[in-house]
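J.: got a predicted model here, sequence first, then my questions.
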Amino acid sequence: MRGAKSAKWVAGAIVVALSATACGGSDGGGDTGSTGKDKSKPAGYISMDLTEPQKPLNPGDTNESQGAYVIRSVFTQLLTFDEAGKIVYTNAESVKSDDSKTWTVKLKKGWKFHNGEAVTAESYVNAWNWYAAAKNKVQNAPWFSDIKGFKSVNPGEGKTATSEKMEGLKVVDETTFTIELEKPVPYFEYKIGYSTFAPLPKVFYNDPKGFAQKPIGNGPYIFEKWDHKKLIQVKANPDYQGPNKAKNKGIQFKNYSTVEAAYQDLLSGKLDIIRQVGPKDLPKYHQDLGDRVVDKEFAGVQTLVPAFYSKTFKGIDPKVIQGLSMAINRDQITKTVLNNTRTPLKGFTPKGVEGYQELDTDVFTFNPTKAKQLVKDNGGVPGNKMWIQYNADGGHKEWVTAVCESIRNATGVDCIGDPKPDFQTDLEARDADKVKSAYRGGWIADYPLNVNFLRELYDSNAESNNGRFKDKAVDEAFRKGDNAKTLEESIKLYQDAEKMLVEKMPAIPLWQYRTNGGHSKEVANVDLDFHGEYVLTDVTTK
Amino acid sequence: MGRYVARRLLQMIPVFLGSTLLVFCMMYALPGDPVRALAGEQTVDPAQIAALKKDLGLDLPLWHQYWNYLVNLFQGDFGTQIASGRPVAEIISEAFPITIRLALFAFTFVVVAGISIGIFAGLKADTLRDRGLLILTLLLISVPSFVLGLVAQSFFAHQLGWVDPNVSDAAPWGELILPATVLASLSLAYVARLTRTSVAENLRSDYMRTAVAKGLPKRRIIGVHLMRNSLIPVVTFLGTDLGALLGGAVVTEGIFNVKGVGYTVFGALKSREGSTVVGIVTLIVVIYLVASLLVDLLYAVLDPRIRYA
Amino acid sequence: MPEALTVKDEKATEPTAAAPAPEKAAKPRSLWSDAWHDLRRNPLFVASAVLIALLLTMAFFPGLFTSADPRYANLDYYLQKPKWGNVFDKDWLGYDVQGRSIYARVIYGARASIAVAVAVTAIVTLLGTVVGMLAGYFGGWIDTLLSRITDIFFGVPFILGAMVVLTSFEVRALYVVILALAFLGWTQIARVARGSVLTIKNADYVQAAKALGASTPRILLKHIVPNAIAPVIVVATIALGGYISAEATLSFLGIGLAEPTVSWGVDISSGQEQLRNQPSILMIPSFMVSVTVLAFIMLGDAVRNALDPKLR
């Protein structure tokens, strides 16, 4: 103790000595007190932790959840979804179609961008054409590929675009436009709820790069500043007319290098909302926060995806995969290793999306005896050994180990984690078909519909089908759903397809995500939407 | 003297080029494509990736990329980040001041506390006080710095609540005390041991005996004769240590949420932002080179026998 | 793997005692035997030697210490607290997140951690000695070239460099961690070896051997190496402790060894998450790392004191 004290004193002496000569001390913005409120936050604002968006804030170029939070506060799309995943019209008055092929969008009148420009049908059509065009090189271009004429603006590698506009988009009048699709998509209305389907003001086209540093949108919040790697600040839009008008004065998105740091600030009142409590604090956060805990499942799943080209799973009997599925003690693993951050899955679709169903099967229930039997009777796993590839930087190590040990203990198949140093390397191995035997799959709903969890992952031609699962009957079932006349019918046909998947086992569903967050005493009405993100417009300050 | 400095500066050029090339090659060898990585788990359009890579010059062969990098570097351009599109120079100028402050803080702590402890122990070599201090430094060396950091954090911040567990963005000096102490601990122990050995050795030397015999005041004997000679090996160590402190800050910065160089390099490494990693490591190498030059010049001051021609 | 350590030590002592005998027998022999004489009476040396012997036994024959399987996981025992009374029992130190016996893991973890450190030290010592010796002995442009190359590698921060190397390998096997640490680690030895060679290359016995027409390899191997090796051994022993610490640090950063390898570093990296909840999971392997590092540093220290006549 004495040693520590004198060291502290010595250090203190140095502080005095150094600060007299130091170059550029504190910027004055930071507060030094160990507790108490954050003084750099304007009154009535709320703050949430958010890591630096990977890319500049262009709606067409943002596809990760960090940037999407900011995009959704600054921009309003045609529609959004409520907590149960039902459509709520925001900028659109209505979105209608008789044949699922041609859609007519009517906009609400009198909407304005933050710079005063009116939001018109053209604001949407021009923006969507810009996002889709290959020459603009934005990541969300494939989202527009359903629209007729997409190939003419984005013809694929090595080819040159023949047009700057998609012929499928037509402006009818000031507030009406039509979208003609290449072929009918019964659930297209759901897709346009994705944040990239945002309109753009005219000033955007003068300087797209500069715009993405300080975006001007039509959303519930007006962009204020972006202090890179530190803070993004938006203020409430007083003239906003949508149903999701901000109930607070503004938001500060604060960047933390670790979740633990964010959590400490939440405890000391310097941060209002934390998106996800870090693993170090999970065991105690209920105790720390009491009724300020936000703990709810959302539409995101984690699966174990066999690589059907690998030595382990090439030509394997799906019954073996069923056996492996039954060898995993989902209940115990979610309760212990995962600290209740997940809810066990009982099918391929999570709760909270349209078309979720309870499947009548025991394939997803832990049963070590039957698991062993199924694996043994149907040819077993080649080499009696399998690997689960995961990225070591994503906090997956513990549960992958637990799943492996569960499989090993139940079936005797030696299961080993195959960590890739980071997500990039992990993805690269998946893209290049170099997964040793299976990989950790993760999928969070783009739109709250069962289709999103089935077709996008298990269709032979789906780009995210990295396990390279190919099955004619399954493709056929998906086609049927796509050709349905109505959305309801389409959902139903996809439900049938899901039942078929239980016999084919393109993946082993494990669990669905939960958000384990919390908020400070300063705010109330903190709730989550269908994909586990906070509805920030509803949050109020005390 | 002037010629010596000029020659040393000239020698720095190949070392500087070599280090940048080394780091450049290492980054080039990394698996994982920074452009592909941007898309995450979402679908990717290969055409778009190819186009982006062409824009960034990432489709060129290694030597050509390195050449472009050097040409830009000599024009003061550190390149641009792939994902954020921000100039690397801006990223560096955000990250460096905090880490330099942390490292200098730690460095001062190392110098002041390390040398004091060393002299304190060395003056009474082989006594209980000396043995005790030696064992203490041994313990400091054996405990990995992340363990020390975590323990210090949970004890001083979580249990006692004396300090904030995290350093805020402005990183005021007060919040840097704990991270700087942790960062300094290893070097501090080394410096203390070095000083102690050197002092103990020099105490038995002839010139010390002469000085004592001449009846010089004790303060002068220790302050001028003993210190000046004992500090030579310590200065050598300190010269190479500043660079190590900058590099070692990765761990400390991670524990205490300091957004400095370590945090930036760690992030850049994960997202394969080659130009950022190369830029930062290059700067650390330059700092190291300059520091070791200064050390050699300091020799001349400490030891009059050394003259640089 | 740890065999390398014992073999190397013996080699270092024996040929040096015997080899220079024809020309200058008295001086080197007395240095090494004096050192040995000193060491045996140094309590620090005895303590560290006993500790290292114990750790090596753990690495070679973990079965002697526990019958539990370090990989066997049973979530029924999830995070069970240590039962300090049940000394040497598998639940003595409690269970980790996977429900594995921490005691068994600590015992079995010694092997990987020590293997990494010993292998890195062996590579680094060999490479560093060769580079340093060539630079120091030949001087001239060889020295300039080798010294600049050493500078290049020395300037790159150790942990940062190791991080980059580790990231560039997709697998997390022992050899990758060994390579990553050795990649930048050899420079320290090279510098020490160069300095050491410089001080003895003009010694009478070397000049005498030259005058007698001994070939360069012979001079290097028979005269330079045995006489210049002492400081290298000291630095290497201390560095060995440092590599154990470095392996754990890399694991702490999440890029070191990985499951199913059982190592202290792996357990430290997963133990972090329980720091607030159950710190013993992190602290027990950290303690083992610290003790091992301490043992090697004390050994290095004792050897240095014994070999350095100035301190006698």
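T.: Looks like it arrived, so ask away. Residues are numbered from 1 along each chain as shown, chains lettered A, B, ... in the order given.

J.: from here on, contacts and neighbour counts on C-alpha atoms
T.: Noted.

J.: quick one: residues contacting the closest residue in space to C:Gln274 that isn't next to it in sequence.
T.: Nearest non-adjacent residue to C:Gln274, counting by Cα to Cα, 6 or more residues apart in numbering or on different chains: A:Lys280, 5.6 Å away. The contact partners of A:Lys280, taken as Cα atoms under 8 Å, 6 or more residues apart in numbering or on different chains, are A:Glu260, C:Gln272, C:Glu273, C:Gln274, C:Leu275, C:Arg276, C:Asn277.

J.: in chain A, what residue comes closest to chain C?
T.: The nearest approach of chain A to chain C comes at A:Lys280, 4.1 Å away (Cα to the nearest Cα).

J.: ok, how many other residues are close to the nearest residue to A:Lys109 once chain neighbours are set aside?
T.: In space, and not counting its chain neighbours, A:Lys109 is closest to A:Thr175: 6.9 Å by Cα to Cα, 6+ apart. Each residue near A:Thr175 was counted by other Cα atoms under 10 Å in any protein chain shown, and the total is 20.

J.: do you know the pLDDT at the residue most central in space within chain A?
T.: The centroid of chain A falls nearest to A:Ile444 when counting by Cα atoms, centre = their mean (4.8 Å). Note for A:Ile444: predicted pLDDT of 86.

J.: how much space between the closest residue to it other than its chain neighbours and A:Val119?
T.: Nearest residue to A:Ile444 in three dimensions, chain neighbours excluded: A:Gly300, at 3.9 Å (Cα to Cα, 6+ apart). Distance, A:Gly300 to A:Val119, by Cα to Cα, to the nearest Å: 33 Å.

J.: who in the stretch 1-150 of chain B is up against chain C?
T.: Contact residues, the stretch 1-150 of chain B versus chain C (Cα under 8 Å from any Cα of the partner chain): B:14-16, B:18-19, B:26-27, B:29-31, B:138-139, B:141-144, B:146-147.

J.: list only buried entries from those residues.
T.: Buried subset of the residues of the stretch 1-150 of chain B next to chain C (neighbour count, 16 or more other Cα atoms under 10 Å in any protein chain shown): B:14-16, B:18-19, B:26-27, B:30-31, B:138-139, B:141-144, B:146-147.

J.: wait, does the helix or strand harbouring B:Leu186 contact chain A?
T.: Take DSSP states H and E as the rule and B:Leu186 turns out to sit in helix B:173-203. Yes. Helix B:173-203 comes into contact with chain A (Cα under 8 Å from any Cα), by way of B:Trp173, B:Gly174, B:Glu175, B:Ile177, B:Thr181.

J.: so what pLDDT did A:Ser94 get?
T.: In this model, A:Ser94 carries a pLDDT of 94.

J.: what sits against residue 167?
T.: Picking chain A for this. A:Lys148, A:Gly149.

J.: other chain: chain B
T.: B:Glu175, B:Leu176, B:Phe256, B:Asn257, B:Val258.

J.: rerun at 10 Å
T.: If a contact means Cα atoms under 10 Å, 6 or more residues apart in numbering or on different chains, then B:Val167 has A:30, A:32, A:261, B:173-179, B:253, B:255-259 as its contacts.

J.: gap between A:Pro368 and chain B?
T.: 32 Å (Cα to the nearest Cα, to the nearest Å).

J.: actually A:Tyr439, not the one I typed
T.: 13 Å.

J.: how about stretch A:429-438: buried residues?
T.: A:Ala429, A:Arg430, A:Asp431, A:Asp433, A:Val435, A:Lys436, A:Ser437, A:Ala438.

J.: wait, doesn't the residue nearest to the centre of chain A sit right on A:His531?
T.: Yes. The criterion here is Cα atoms under 10 Å, and A:Ile444 meets it with A:His531 at 6.7 Å.

J.: shared neighbours, these two?
T.: Contacts common to A:Ile444 and A:His531, judged by Cα under 10 Å, 6+ apart, are A:Phe298, A:Ala299, A:Gly300, A:Tyr513.

J.: burial measure for the last one, as a count.
T.: Residues contacting A:Tyr513 under the criterion other Cα under 10 Å number 25.

J.: who does the helix or strand harbouring it pair with, and is each partner parallel or antiparallel?
T.: For A:Tyr513, the host element (DSSP H and E) is strand A:508-519. Strand A:508-519 sits in its sheet next to strand A:273-274 (antiparallel), strand A:293-306 (antiparallel), strand A:342-344 (antiparallel), going by DSSP bridges.

J.: now mean pLDDT and mean neighbour count too, for those, in JSON lines please.
T.: Shown next, in JSON lines, are the strands paired with strand A:508-519 (pLDDT from 0 to 100; neighbours: other Cα atoms under 10 Å in any protein chain shown):
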{"stretch": "strand A:273-274", "mean pLDDT": "96", "mean neighbour count": "27"}
{"stretch": "strand A:293-306", "mean pLDDT": "93", "mean neighbour count": "23"}
{"stretch": "strand A:342-344", "mean pLDDT": "95", "mean neighbour count": "23"}
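
J.: let me have the ones you listed in JSON lines, extended by distance to B:Val285.
T.: Listed next are the strands paired with strand A:508-519 as JSON lines, based on distance: least, Cα to Cα, whole Å:
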{"stretch": "strand A:273-274", "distance to B:Val285": "38"}
{"stretch": "strand A:293-306", "distance to B:Val285": "43"}
{"stretch": "strand A:342-344", "distance to B:Val285": "46"}
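
J.: of the ones you listed, which approaches C:Asp34 most closely?
T.: Set against C:Asp34 and scored by Cα to Cα, the strands paired with strand A:508-519 come closest in strand A:293-306, at 63.8 Å.

J.: the helix or strand following that closest one and chain C, are they touching?
T.: Per DSSP H and E, the first helix or strand lying C-terminal to strand A:293-306 is helix A:318-326. No. Helix A:318-326 lies out of reach of chain C by Cα under 10 Å from any Cα of the partner chain, never closer than 16.6 Å.

J.: following helix A:318-326, which helix or strand shows up next?
T.: Next element after helix A:318-326 (DSSP H and E): helix A:330-335.

J.: can you give me the buried ones in that following helix?
T.: Neighbour-count burial for helix A:330-335 flags A:Arg330, A:Asp331, A:Gln332, A:Ile333, A:Thr334 (criterion: 16+ other Cα under 10 Å).

J.: any idea which of the contacts of B:Val167 has the most stuff around it?
T.: Counting neighbours by other Cα under 10 Å, the top entry in the contacts of B:Val167 is B:Val258, with 31 neighbours.
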